[in-house]
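**Student:** When you get a sec, could you give me coordinates for this:
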Amino acid sequence: MKKENPVVTIKHLTVAYDLQPVLWNVNLAIPRGHLMAIVGPNGAGKSTLIKAIMELLKPVAGEITFDLGEHLSKKEERNLIGYVPQNGSVDWDFPATVLDVVLMGRYGHLGWMKRPKEADYALSREMLKRVGMETYENRQISQLSGGQKQRVFLARALVQQPDIYFMDEPFQGVDAQTEKTIVALLKDLKKAGKTVVVVHHDLQTVPTYFDDVTLINREVIESGPVETIFTEENLAKTYQKEANEVREELVE
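**Tutor:** Here you go, the predicted structure:
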């Protein structure tokens, strides 16, 4: 059986802030149709990696290529890439309703000067229902809880209908019900053949939530299937701890 090409290939990526390298010589292949976790300590460059892939940060060096289809324009390619930012990086005082925020996910398809059509509203409401937020469409986004806000941003990414999703700590600060909703959504996206890359911090849930894991600490320590890569030895190397310390965190 022929092995599929990676949906994203990263070669020799280096990213720096004020000339201080945050990521160094990252080489990574993201497999198509998989759920991948990006795992590492605080300051390891996990969010920076996602932002560099999304072209929100300009690398010092390196190359990032997508395999999303032949003869796509840059705009068409970008419309096939969805992004769920970190909760804390969003200005929640922006005066918009829940439905307004989700509709923003359609702007890449519409163009900035075109008004959403009834089909765009219908799709937005469908995705709000999918994340359990259909009764909140007229609520101001600033009035929502952390978990509710995260669901709305997931709906915004869904309404874009991309082939690959990048999610920056979607489980951070959410309630148990929202976490359950997100996990079910990840599984559904995989069944639909989508690729999902998630910056994740809870080591205990990596084996049950994801197919693949990339361990990173300014550079890629290891990357591949969870069953072979997610070991105490590799985690100890990533977090620069003793293996017994990692073992205690995994069983807490």
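
**Student:** Would you tell me what helix or strand the nearest residue to residue 209 once chain neighbours are set aside is located in?
**Tutor:** Using C-beta to C-beta, 6 or more residues apart in numbering and skipping the chain neighbours, the partner closest in space to residue 209 is residue 183 (6.0 Å). In this view, the C-beta of every residue, glycine as well, is placed from N, C-alpha and C. Per DSSP states H and E: residue 183 is located in helix 176-191.

**Student:** Show me what counts as buried in that helix.
**Tutor:** Within helix 176-191, the residues that count as buried by 16 or more other C-beta atoms under 10 Å are 178-179, 181-183, 185-186, 189-190.

**Student:** can you pull out the strands in the stretch 101-250 of the chain?
**Tutor:** Per DSSP state E, counting those that start in this stretch, the stretch 101-250 of the chain carries strands over the ranges 164-168, 195-199, 212-216, 220-225.

**Student:** Tabulate those (JSON lines), appending distance to residue 144 and mean pLDDT.
**Tutor:** JSON lines is the format used below for the strands of the stretch 101-250 of the chain (distance: least, C-beta to C-beta, whole Å; pLDDT from 0 to 100):
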{"stretch": "strand 164-168", "distance to residue 144": "18", "mean pLDDT": "95"}
{"stretch": "strand 195-199", "distance to residue 144": "21", "mean pLDDT": "97"}
{"stretch": "strand 212-216", "distance to residue 144": "31", "mean pLDDT": "97"}
{"stretch": "strand 220-225", "distance to residue 144": "35", "mean pLDDT": "97"}
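
**Student:** Just name the closest of the buried residues of helix 176-191 to residue 47, please.
**Tutor:** residue 182 (17.6 Å; C-beta to C-beta).

**Student:** need the contact list for the closest one.
**Tutor:** Shown in contact with residue 182 (C-beta atoms under 8 Å, 6 or more residues apart in numbering): 150-151, 154, 170-171, 174.

**Student:** Would you confirm that the residue nearest to residue 209 contacts residue 202?
**Tutor:** No - counting by C-beta atoms under 8 Å, residue 202 is not a contact partner of residue 183; they are 11.4 Å apart.

**Student:** so residue 22, which of the three states?
**Tutor:** The local conformation at residue 22, judged by DSSP: H, G, I helix; E, B strand; the rest coil, is strand.

**Student:** for it, what are its contacts?
**Tutor:** So, once contact is read as C-beta under 8 Å, 6+ apart, residue 22 ends up touching 15-16, 45, 48, 218.

**Student:** rerun that using 10 Å as the cut-off
**Tutor:** Each residue near residue 22 by C-beta atoms under 10 Å, 6 or more residues apart in numbering is listed here: 14-16, 43-45, 47-49, 52, 57, 60, 218.

**Student:** From these, keep the buried residues only.
**Tutor:** 14-16, 44-45, 47-49, 52, 57, 218.

**Student:** Looking at the residues you listed, which is nearest residue 35?
**Tutor:** Nearest member of the buried ones among the contacts of residue 22 to residue 35, counting by C-beta to C-beta, is residue 49, at 16.5 Å.

**Student:** tell me the contacts of the closest one?
**Tutor:** 10, 13, 15, 22-23, 26, 28, 38, 40, 57, 64, 166, 168, 197, 199, 214, 216, 220.

**Student:** same question, residue 168
**Tutor:** Each residue near residue 168 by C-beta under 10 Å, 6+ apart is listed here: 38, 46-47, 49-51, 54, 83-89, 197-200.

**Student:** and what of residue 193?
**Tutor:** For residue 193, the contact set (C-beta under 10 Å, 6+ apart) comprises 32-33, 163.

**Student:** Sounds good, over and out.
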